[in-house]
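S.K.: I need the structure of the sequence given here:
(chains A, B, C and D)
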Number of protein chains: 4
Amino acid sequence: MKNTNVYYADYLQLDKLLNSQHPESFKEDNEPAHDEMLFIVIHQAYELWFKQLLFEVNSAIEVMSQENINDNTPQLQTVVHRLNRVVTILKVLVHQIDIMETMTPMDFLEFRDLLRPASGFQSWQFKTLEAKLGLQYEERHGKEYYTSQLKQPEIDIIKTAEHENSLLFVVNKWLARMPYFENSANWEDFETEARDVNIHPYWSTYRKRYSNSLAEAERNNMNAFNEIFIEGKEAGQLSAKARRAALFIMLYRGYPIFHLPFQLLNNLLEIDEQMSTWRYRHMNMVHRMIGTRIGTGGSTGKDYLKAALDKHYIFKEIAQLTSFLIERSKLPALPNSLIQQLSFNM
Amino acid sequence: MKNTNVYYADYLQLDKLLNSQHPESFKEDNEPAHDEMLFIVIHQAYELWFKQLLFEVNSAIEVMSQENINDNTPQLQTVVHRLNRVVTILKVLVHQIDIMETMTPMDFLEFRDLLRPASGFQSWQFKTLEAKLGLQYEERHGKEYYTSQLKQPEIDIIKTAEHENSLLFVVNKWLARMPYFENSANWEDFETEARDVNIHPYWSTYRKRYSNSLAEAERNNMNAFNEIFIEGKEAGQLSAKARRAALFIMLYRGYPIFHLPFQLLNNLLEIDEQMSTWRYRHMNMVHRMIGTRIGTGGSTGKDYLKAALDKHYIFKEIAQLTSFLIERSKLPALPNSLIQQLSFNM
Amino acid sequence: MKNTNVYYADYLQLDKLLNSQHPESFKEDNEPAHDEMLFIVIHQAYELWFKQLLFEVNSAIEVMSQENINDNTPQLQTVVHRLNRVVTILKVLVHQIDIMETMTPMDFLEFRDLLRPASGFQSWQFKTLEAKLGLQYEERHGKEYYTSQLKQPEIDIIKTAEHENSLLFVVNKWLARMPYFENSANWEDFETEARDVNIHPYWSTYRKRYSNSLAEAERNNMNAFNEIFIEGKEAGQLSAKARRAALFIMLYRGYPIFHLPFQLLNNLLEIDEQMSTWRYRHMNMVHRMIGTRIGTGGSTGKDYLKAALDKHYIFKEIAQLTSFLIERSKLPALPNSLIQQLSFNM
Amino acid sequence: MKNTNVYYADYLQLDKLLNSQHPESFKEDNEPAHDEMLFIVIHQAYELWFKQLLFEVNSAIEVMSQENINDNTPQLQTVVHRLNRVVTILKVLVHQIDIMETMTPMDFLEFRDLLRPASGFQSWQFKTLEAKLGLQYEERHGKEYYTSQLKQPEIDIIKTAEHENSLLFVVNKWLARMPYFENSANWEDFETEARDVNIHPYWSTYRKRYSNSLAEAERNNMNAFNEIFIEGKEAGQLSAKARRAALFIMLYRGYPIFHLPFQLLNNLLEIDEQMSTWRYRHMNMVHRMIGTRIGTGGSTGKDYLKAALDKHYIFKEIAQLTSFLIERSKLPALPNSLIQQLSFNM
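M.R.: Model (predicted):
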C-alpha cells in the first residue's frame, strides 16, 4: 500500500476546483451580476454529481454485463447498493433546484445575454447518463439537435455511450437468462389450469388467472398481455422472455433468490421517478425564470423540456408490468422442486 | 457589453472540474476502492457550496458594513434575500449527508488508511465561513489545534477572517445605531409606568410588564433581563443597546420599517439552526462510520464534533432574546409621533 | 382568560383521532391486509393538513378582501407569513408521497377491491382548496364528474367555495386598486419616450423599451404584450390593470412599499409550483401502483391526473408576467414625487 | 370477501377527524389566536403517524418473536420492508418541524398560557414507541417524572410496553440463535491463527487480526473488544453472543444469507439516527420558541430535551460494533462447508 502524506486541500484539488468560477459579468467592461456566481456554482455542483452518477451506473453495467452473475457472490448486492446510491444522489439533485429558485427572473436577466449561446443546459454528462441508463437515440425528443450546441469530442462521448451496452440492455439479457422455465423437470408437479400451444404451462395458467381478475372495463388488458408477454410484438428493449422473468420476480419476490432481483427492478423504477421529478421541477423553474423568452437554439425552453419529460422515461417497460399483477392469494403455487431452487440450503 | 461566444463546458471549466478526482486507491500498487470516488466528489461538492456561502455572506457583510443603510434603498432587502439563499443552501448540505451515508463502514475502511493524515474534515473554507459569520477564536472548541492540519496560506485566510468584520459584528453596529430612543421628542406622549434612573422610560415600563408576565419559577429571569439589557454585563458580541434594539424589532415587527429587520434576525437564527443540524448529522455520520477508531490528529472524531456542536452557536445572543418577549396584547403602546417614523408616508 | 386544566390527550382529542382507523380488510370474513392501515393513516394525515391549508388560505382571503389594506398595519405581513406557511406545508405533503411509495403494487392489490368505489382520491377538502385558491369550474379537467363520487353536502361545500371570493379574485382587486397611475401629478417629471393614445406614458415608454429588448425570434411577444397589458383581451381572471400593477411591483420591488407585495406574488407562484409537484409525484405514484388497471369511475387513474396536472395551474397569469420583464439597468426612472410615495418617511 | 359500497369520507371517518380541532383560544371569553389551530393540527398529525409507527414496529416484533424464523419464507423480508417504512415516516416527521417553525415565539405566546399544564409534548404513543423499540425504564432521562403529566390508563400502556418484548429484545434473541459456531464440523477446515481457552477459534483469530489493525492510540480498544465480545461484562441488552453474531453479519454481509440480516441491522441504526435527529431539531425548535421560559412540570424545556437526546439512543450497542470492523481483505477466510450454508442451492 502506497501512501505518502495526504493533505485535504491537495487531495481534493481545491486549487483547481475553487478557481474554476469566472463569471462573464465580472470581466472587464461588464457590470458584475452577483447571481452569476450562483449560476456557475450550481451547474458545477450538478456536473460533479453527474460524474459520480456515471461512475456508479457504469460500475453497475460492468457487473451486470457478465455472462454469469453468481447469486452466491456479492455481485448483485453491490449493484443494488450502488443503484440505491444513484437514487439518493438524484433526490439531492431534485432538492438542489430549491437553490436555483432563489434567483429571481430579474436577477437572471442581469447576465443572461452574456451567456449566449450557452444559456441552456447543455450537459454532455447528463446526456451520456441518459444513454448509459438506456435512453435510445430514436426515443430522444429533438434528436436532430440534442447535440447541436456541443463540441465534437463531447458528441463523440454521447454517441459512443449510445452504442455501448446500457443498463437496460444488460438487465434485459440478465432477465432473459432466468433458468427456471427451460427445464421441464421443474414443472412436473405444477397444476396446470390452462394449456396453449407454444406457451409454457405456468404462463397459460397465469394468463387465465389474470384474465379472471379483470374488471369489465379492463378487458382490453388481455390484448396487451398477449402482445407483451407472449407475442413480444410490443416494441421496446425488453424481450417477451425478459418481461416474463421480471413479472415472475415481482410475483414471487418472497422467495430468497428474488430478494435482490426485486430490489434491483425497484431501483430502476425509482431512478426513472427521480429523473422525471428532476425534469419536471427543472421545467417549471425554467418557465418561471424566462417565461416565453427564447432559450438557446431558438426553442422556447419550456416546450422542449415538456416534450422530453413525456418521452424520456427509460424503464417504462418495467413500470408497465404493474398492470399485470394479480393478488398474492390467487398466485399459482410453484412446484416444490422449483421452490428449492429459489431457497437456501437448509 | 462584452460577449464573445460562450460554450457551456468552457464557461463551467468542466475540463478542470471533472479532472480533479484522483482517488489514492486507484493509483499504482493500490487496490481500487470504488467508494473513494464518492468520498472525493462529495467533499468537492461541499467545498463548491462553501465557496458560494462565503460569497453570499461576504456580500451581506459588505452591505451591512456601511455607516448608513438607507431603508429606502434595496440594501436590506438584498441582504435578507441573500441570507435566505444561505439557508436554502445549508438545507441542501444537510440533505447531502444522506449520500455520504450510503457508504458503509466496511467500504470506508478500504481506503481510510490511504488518506492519513487527511482523513478528517479540514476545510479552511468552512472555518472561514464560521469566522465570517461571527464565531470568535475564543469560542472555538479545540482552539489549540483547529488549524493544525492546514497549510500556512490556509491558516492565514482563517486568521484574516477572524480579524475582519464578521456578520455578527456589523449586525451589532447596525442594531446599536437604531435612532428612536435618542430623541426625547419621540417619547413625549409615552405613558410611562415605571421610572428608573438611567433607564429609558420605555425600557423601565417594558421591564415592569415583563416582570409581571413571569411565573413564579421564572423569577430568576429578571436578573438575566437586567444583565442583558441594562447593565450589559453578560459577555458577548452584542452590546446592551444592540440587544434592546433587536428585542424592539421582534416586539414591534408589525410596523413596516421593521419587516426586513425582523426577517434578517430570523435569517440569522435559521442559519445557526441549519449549521447546527448539519454538525449534528455529520457527527452521527462520523460516529457510524468510524465508531471509536481515532480520527485525525489523535482525537476521536465524535468527541471533538460533539464539543464543537455545543459551543459553535454563533447567534445565540439573538436566540436568547426569545426569553424576554411578552404577549402582544400586553405591549406598551408607542407614541404616535414615533409610529409615524416606523410607517410609510401616507 | 378562561383556562381550566388542559390535558394533552384531551386537548388533541386523541380518543377520537386514534380510533378512526378501521381497515375494511380487518373486518370479519376478510383477510387482514397489513398495508391498509398505512393507506388510511396517510390519507387522514393529508386531510388534516388540507384542513390547515384551508384555514390559512381562508384567513388570507379574509384580510385581502378588505377594501382598504393599510400598508402601515401588519395585514399584508400576516398574509405573506401565512402563505409562506402554506408553501411549507405543501412541501411536507410532497415529501409524504415517499411514505405511500413504500407500499408495493402487490401489497395494494391485497385490499384494493374492498375499497370500491372509494379507491380514488376523492377529497372534498382538496377540491375546495383548489377553488378557494382560484381554480374555476370552467378550468377543471373532467368537470362533468369531478364531484361524481361525493355526497351532496360535500358537493355543496365545493360549489359554495366556487362562488365565494377566491384568493386570486381578491388579489386581482387589490392589484387593480394600485393608486400611482391615476394621479397625473405623480408623473409630471417622468421622461416619456413614447406616447400612445389611451396608454399611460409610463406604459408606452415601457412597451418601447421592452420591444427593444426582444431578440428577433421573440418579436411575437409584442402581440402578447398588447393583449395582456393594454387591450386586456387575453381571457383570464386578472384585469389588464391588475396585470400592469403586478408587473410594476416585480420591476420596482426594490422600493420599500413593494417588498411585501413582491413576496406575496412570489408566494402564489410557489404555491402553484408545490401543488403541481404534488400532482406530478402523485400521478407517478398512482401509475406505479395500478398501472393501466382502472381507477374509480371508469377513468384510468393516470390519464385523468395528467390532464388535471396540465390544466390546474391556478396562478399562471402571474407566472406569465416573467416574459415581460426587462433588465434593471434599462428600467424607466421613476419621478421623485412618486418615489417618495413608495418610500419611508425619512 | 365482504364489501359493501365504501365512500371515501366515511372510510376515513373524516367527520370525526375534521371535527377534533377545538382551540382553547377560540372558546368564549378568549381572544382567538390564529396559530393555535396549527399547534393542534401538527400535534395530531404527529400522533397519527405515531400510531402507524407503533403498528409497524409491533408487526416487526411479532415476526421476530418467533422461535424459528425461516430464512426461506418472506418473514425477514417483511420485517426489513416495514422497518424501511419506519425510517421513511421518521424522515417526514423530521421535515414536519419546518412547519412548526413557521410559528413565531410571539404568536405562540398568544395562547401558551391557555394550555397549561399541557404545553409540553406529552405523547403516550411516543413514549410507548420508544419502549417498544427497546428504550428501558432505567435508561430514561427523568424517569421519576416522564409519565407525570399522563393519566393512569396512558401510564398503564407505557408500563405494559416496557414489560413486553421490545424490538431490541427479540433482535438480541434472534442474533444469539445464529447456528454456525455451535457445530464444530463447520470449522474443521478453518485456519486458526490464535487459540485461546474458551474462545471459538474464529473469534480468537479475528481478535488477533483486529489487534493488528489498531493504531497506537487505539490500543485501548482491545479492552473494549474483550469486554464486549468475550466477557460480556459491558452492561446492555445484547449478550456477547448476540454481539458476535451481529459483527459476523456485518463482516460477511456479502454472503446471500446475510443480505437481509445486514439490512435489518442497518435499519435499526437508521431508526436511531432519525429519532435522534427529530429530537435534536425538536429541542432547537422548543428553545427558539420559549427560550428559558419554563416548560411544563417546572423543567426548562431545552435542558430536559438535551439530556434525553444524549441518553435515548436505543441501538447504541449495535452502532458501537463499527469500532471493531477490519478491512475486507484482512478477514479470515471461512471454510467451504460453512460457506455452503450461507449460500443458495446451486
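S.K.: Please count neighbours and contacts with C-alpha atoms only from this point.
M.R.: OK.
S.K.: so, in contact with chain B or not, stretch A:259-273?
M.R.: No: using C-alpha under 8 Å from any C-alpha of the partner chain, stretch A:259-273 never reaches chain B; the gap is at least 14.3 Å.
S.K.: do the same with stretch A:89-100
M.R.: Yes: using C-alpha under 8 Å from any C-alpha, we find that stretch A:89-100 touches chain B at A:89, A:92, A:95-96, A:98-99.
S.K.: so of those, which ones are in strands?
M.R.: Assigned to strands by DSSP state E, none of these qualify.
S.K.: which one among those residues gets closest to D:N30?
M.R.: A:D98 (40.5 Å; C-alpha to C-alpha).
S.K.: got a list of what that closest one touches?
M.R.: Taking C-alpha atoms under 8 Å, 6 or more residues apart in numbering or on different chains, we find A:D98 in contact with B:T88.
S.K.: Quick one: name the residues of chain A near chain D.
M.R.: A:71-74, A:77, A:254-257, A:259, A:340-346.
S.K.: A:M222 and chain C: what is the separation?
M.R.: Separation of A:M222 from chain C (C-alpha to the nearest C-alpha, to the nearest Å) stands at 11 Å.
S.K.: Ok, A:L342 next?
M.R.: Taking C-alpha to the nearest C-alpha, one finds A:L342 at 19 Å from chain C.
S.K.: So what's the residue count around that residue?
M.R.: When counting by other C-alpha atoms under 10 Å in any protein chain shown, one arrives at 20 neighbours for A:L342.
S.K.: Tell me how many other residues surround the residue nearest to it when sequence neighbours are not counted.
M.R.: Excluding its sequence neighbours, the residue lying closest to A:L342 (C-alpha to C-alpha, 6 or more residues apart in numbering or on different chains) is A:I257, at 5.0 Å. Residue neighbour count, defined by other C-alpha under 10 Å, stands at 23 for A:I257.
S.K.: Tell me if I'm right that A:I257 and A:I339 touch.
M.R.: No: using C-alpha atoms under 8 Å, A:I257 is not in contact with A:I339, being 9.9 Å away.
S.K.: What subset of the residues of chain A next to chain D is buried?
M.R.: A:71-72, A:74, A:77, A:254-257, A:259, A:340-345 (16 or more other C-alpha atoms under 10 Å in any protein chain shown).
S.K.: Report the buried residues of the helix or strand of chain A with the lowest mean pLDDT.
M.R.: Within chain A, judged by mean pLDDT, DSSP states H and E, the helix or strand with the poorest mean is helix A:301-311; its value is a mean of 77. Within helix A:301-311, the residues that count as buried by 16+ other C-alpha under 10 Å are A:301-302, A:305-306, A:308-309.
S.K.: do stretch A:269-285 and chain C meet?
M.R.: Yes: residues of stretch A:269-285 contacting chain C under C-alpha under 8 Å from any C-alpha: A:273, A:277, A:280-281, A:284.
S.K.: How far off centre is that stretch?
M.R.: Distance of stretch A:269-285 from the chain centroid (C-alpha atoms, centre = their mean, to the nearest Å) equals 11 Å.
S.K.: Send over that stretch as PDB, restricted to the C-alpha atoms.
M.R.: Extracted C-alpha coordinates of stretch A:269-285, given in PDB (Å, rounded to 0.1, in the frame of the first residue of the first chain):
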ATOM      1  CA  LEU A 269     -38.200   2.500 -11.300                       C
ATOM      2  CA  GLU A 270     -37.100   4.800  -8.600                       C
ATOM      3  CA  ILE A 271     -34.300   6.100 -10.800                       C
ATOM      4  CA  ASP A 272     -36.900   6.900 -13.500                       C
ATOM      5  CA  GLU A 273     -39.100   8.600 -11.000                       C
ATOM      6  CA  GLN A 274     -36.400  10.800  -9.600                       C
ATOM      7  CA  MET A 275     -35.100  11.700 -13.100                       C
ATOM      8  CA  SER A 276     -38.600  12.600 -14.200                       C
ATOM      9  CA  THR A 277     -39.200  14.600 -11.000                       C
ATOM     10  CA  TRP A 278     -36.000  16.400 -11.600                       C
ATOM     11  CA  ARG A 279     -37.000  17.200 -15.200                       C
ATOM     12  CA  TYR A 280     -40.400  18.300 -14.000                       C
ATOM     13  CA  ARG A 281     -39.100  20.700 -11.400                       C
ATOM     14  CA  HIS A 282     -36.400  21.900 -13.800                       C
ATOM     15  CA  MET A 283     -39.000  22.700 -16.500                       C
ATOM     16  CA  ASN A 284     -41.100  24.600 -14.000                       C
ATOM     17  CA  MET A 285     -38.100  26.500 -12.800                       C
END
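S.K.: Can you list the neighbours in contact with it?
M.R.: Outside stretch A:269-285, the residues that touch it by C-alpha under 8 Å, 6+ apart are A:86-87, A:90-91, A:93-94, A:97, A:101, A:301-302, A:305-306, A:309, A:312-315, A:318-319, C:273, C:277, C:280-281, C:284.
S.K.: In the stretch 151-300 of chain A, which residue sits nearest chain C?
M.R.: Per C-alpha to the nearest C-alpha, A:G291 is where the stretch 151-300 of chain A lies closest to chain C, at 4.5 Å.
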